[in-house]
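1. predicted model follows, preceded by the sequence.
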Amino acid sequence: MRDVQVVEMKEAKHASLKDSKRLVKEIVENQELKKKFSTMIVDDYFCEASRASKEV
């Protein structure tokens, strides 16, 4: 019984680390987009926004 709990805890830790890495990657991507949008001119923004809406 105890061995099962240890395995489950290790699997949960692995899943948590995997999620953490994914979230860090998403945060970095969002920060890059924020920086990009803050330096865009209006025409670039609307072009990017229309492209994004087509992808969704």
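-> Looks like it came in fine. Residues are numbered from 1 along each chain as shown.

2. for Ile41, phi and psi?
-> phi -90, psi 160 (degrees, to the nearest 10).

3. then Met40?
-> Main-chain dihedrals, Met40, degrees, to the nearest 10: phi -80, psi 150.

4. ok, it - contacts?
-> Glu48 (Cβ atoms under 8 Å, 6 or more residues apart in numbering). All C-beta atoms are positioned from the backbone trio N, CA, C, and that covers glycine.

5. ok, 10 Å please
-> 46-48 (Cβ atoms under 10 Å, 6 or more residues apart in numbering).

6. for stretch 21-30, what is the average pLDDT?
-> The average of the pLDDT scores along stretch 21-30 is 96.

7. and it, C-alpha only, in PDB?
-> Coordinates of the C-alpha atoms in stretch 21-30 are reproduced here as PDB (Å, rounded to 0.1, in the frame of the first residue of the first chain):
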ATOM      1  CA  LYS A  21       7.400  24.200 -17.300                       C
ATOM      2  CA  ARG A  22       4.500  24.700 -19.700                       C
ATOM      3  CA  LEU A  23       3.200  27.700 -17.600                       C
ATOM      4  CA  VAL A  24       6.600  29.300 -17.500                       C
ATOM      5  CA  LYS A  25       6.800  28.900 -21.300                       C
ATOM      6  CA  GLU A  26       3.400  30.500 -21.700                       C
ATOM      7  CA  ILE A  27       4.300  33.400 -19.400                       C
ATOM      8  CA  VAL A  28       7.400  34.100 -21.500                       C
ATOM      9  CA  GLU A  29       5.400  34.000 -24.700                       C
ATOM     10  CA  ASN A  30       2.800  36.400 -23.300                       C
END
